[in-house]
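K.L.:
Sequence and computational prediction follow.
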Amino acid sequence: MIEQIRPGVSARRARFVLFDFDGTVSLIRAGWVEVMVPMMVEILAELKTGESEQQLRAIVEDFVARLTGKQTMYQMIELADQVEKRGGKPLDPLVYKRMYLDRLNDKIRDRIAELRARKVSPEKYLVPGARQMVEALAERGLTMFLASGTDHEYMRDEARLLDIDRYFQGGVYGALDDYKSFSKQILIRKVIDEANCRGEEFLGFGDGYVEIENVKEVGGIAVGVATDEPECRKVDEWKRQRLAGVGADFIIPNFLCHKDLLSVLFPD
């Protein structure tokens with residue numbers, strides 16, 4: 001099902017395409033929220049401010065969602081700020097990030113192992129229809145970029161295990177410890193500046209608030225992938241509202257509609 005929020009919009013002039021990675025293409029890290037949020041709630045609860053676990057969870061879920069799509073470091077910086085606001089002495093955000101990654105790696109270790117050992121098809125951990133969509137765009141001769149808030153070394157390895165890195169001739173980009181040196185916004189603006197690209201020539205796909213906002217900031221066309229992870233068979237209504245709210249032109253639950261979506265994006 002394709003929801004076209006802005007009638008008449010198309011990507012017929014697109015030359016460049018940006019795909020977010022986690023939740024848009026890859027499901028390797030599905031469930032990361034259920035790792036990050038409890039860890040943060042646990043850290044804030046230790047300060048014994050009198051706030052209930054439910055109150056803390058609501059606060060954490062709000063800022064984690066607001067920052068989804070940016071580098072993980074930004075969520076950890078916000079956690080440190082929340083600790084400080086409550087009179088605590090926060091750890092370095094990089095320490096919090098490593099704590100989170102240790103927990104997440106425990107959760108996804110078996111997924112990585114079975115992919116590395118080729119015990120399962122990469123399709124098990126791809127959003128349905130994602131490969132067909134990426135292949136179709138590559139065949140159109142569009143220059144594609146893959147970007148993520150996940151650390152560069154992990155993200156590149158996971159893209160390779162899913163056998164999708166080969167489609168992204170523009171490059172595969174992940175987060176760096178020097179978080180100010182890379183962002184999806186920086187990448188988009190670099191592409192536009194170096195290629196003398198107009199906004200209408202830029203197409204973006206993402207399940208996060210940030211990448212959709214970044215694409216719309218430059219006048220691009222944005223497809224919100226409101227995946228209801230890990231099955232990705234229906235639209236996640238909460239994601240849909242946030243993606244539509246920052247200007248997504250289209251909303252889809254997955255890429256099984258890729259043929260119809262291509263027809264809408266690239267009308268004859």
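P.N.:
It's in.

K.L.:
Could you list which residues are in contact with residue 260?
P.N.:
Residue 260 is in contact with residue 2, counting by Cβ atoms under 8 Å, 6 or more residues apart in numbering. (Each C-beta comes from the backbone N, C-alpha and C, glycine too.)

K.L.:
Now it: which helix or strand?
P.N.:
Remark: residue 260 resides in helix 258-265, with elements defined by DSSP states H and E.

K.L.:
ok, and for that helix, which residues are buried?
P.N.:
Neighbour-count burial for helix 258-265, counted by 16 or more other Cβ atoms under 10 Å, picks out 258, 261, 262, 264, 265.

K.L.:
shouldn't residue 63 be in contact with residue 75?
P.N.:
Yes. With contacts counted by Cβ atoms under 8 Å, residue 63 reaches residue 75, the gap being 7.0 Å.

K.L.:
neighbour count winner among these two?
P.N.:
Ranked by neighbour count (other Cβ atoms under 10 Å), residue 63 and residue 75 place residue 75 first, with 24 against 16.

K.L.:
Now do the SS call for the more buried one.
P.N.:
Under DSSP: H, G, I helix; E, B strand; the rest coil, the three-state class of residue 75 is helix.

K.L.:
how about the nearest residue to it, chain neighbours excluded?
P.N.:
Using Cβ to Cβ, 6 or more residues apart in numbering and skipping the chain neighbours, the partner closest in space to residue 75 is residue 67 (4.9 Å).

K.L.:
what sits against that neighbour?
P.N.:
For residue 67, the contacting residues are 74, 75, 78, 210, by Cβ under 8 Å, 6+ apart.

K.L.:
Could I get those in a markdown table, plus columns for pLDDT and distance to residue 119?
P.N.:
Shown next, in a markdown table, are the contacts of residue 67 (pLDDT from 0 to 100; distance: Cβ to Cβ, whole Å):
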| residue | pLDDT | distance to residue 119 |
| --- | --- | --- |
| 74 | 93 | 35 |
| 75 | 96 | 32 |
| 78 | 98 | 38 |
| 210 | 87 | 34 |
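
K.L.:
which one of these has the most neighbours?
P.N.:
For the contacts of residue 67, the largest neighbour count, defined by other Cβ under 10 Å, is 24 neighbours, found at residue 75.

K.L.:
Contacts for the biggest helix by length in the chain next, please.
P.N.:
Determined from DSSP state H, the single longest helix within the chain is helix 93-116. With Cβ under 8 Å, 6+ apart as the contact definition, helix 93-116 has outside contacts at 28-29, 31-32, 35-36, 39, 43, 72-73, 76-77, 79-80, 90, 120, 122, 125, 151, 158, 161-162, 177.

K.L.:
Write the PyMOL selection for whichever of the residues you listed are buried.
P.N.:
Applying 16+ other Cβ under 10 Å to the contacts of helix 93-116, the buried members can be selected in PyMOL as follows:
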select buried, resi 28+29+32+35+36+39+43+72+73+76+77+79+80+90+122+125+151+158+161+162
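
K.L.:
quick revisit: if we only consider the contacts of residue 67, which is nearest to residue 3?
P.N.:
Closest to residue 3 out of the contacts of residue 67 is residue 210 (20.5 Å), distances taken as Cβ to Cβ.

K.L.:
residues touching the closest one, list them.
P.N.:
Residues near residue 210 by Cβ under 8 Å, 6+ apart: 67, 68, 69, 70, 149, 184.

K.L.:
Now distance to residue 136 too, for the contacts of residue 67, in JSON lines please.
P.N.:
As requested, these are exported to JSON lines (distance: Cβ to Cβ, whole Å):
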{"residue": "74", "distance to residue 136": "33"}
{"residue": "75", "distance to residue 136": "33"}
{"residue": "78", "distance to residue 136": "38"}
{"residue": "210", "distance to residue 136": "25"}
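
K.L.:
neighbouring contacts of the lowest-mean-pLDDT helix or strand in the chain?
P.N.:
Counting by mean pLDDT, DSSP states H and E, the chain has its least confident helix or strand at helix 184-195, which shows a mean of 83. Contact with helix 184-195 is made by 15-16, 18, 20, 69-70, 145, 147, 149, 170, 173, 197-199, 202, 204, 210-211, 214-215, 217-218, 220, as judged by Cβ under 8 Å, 6+ apart.
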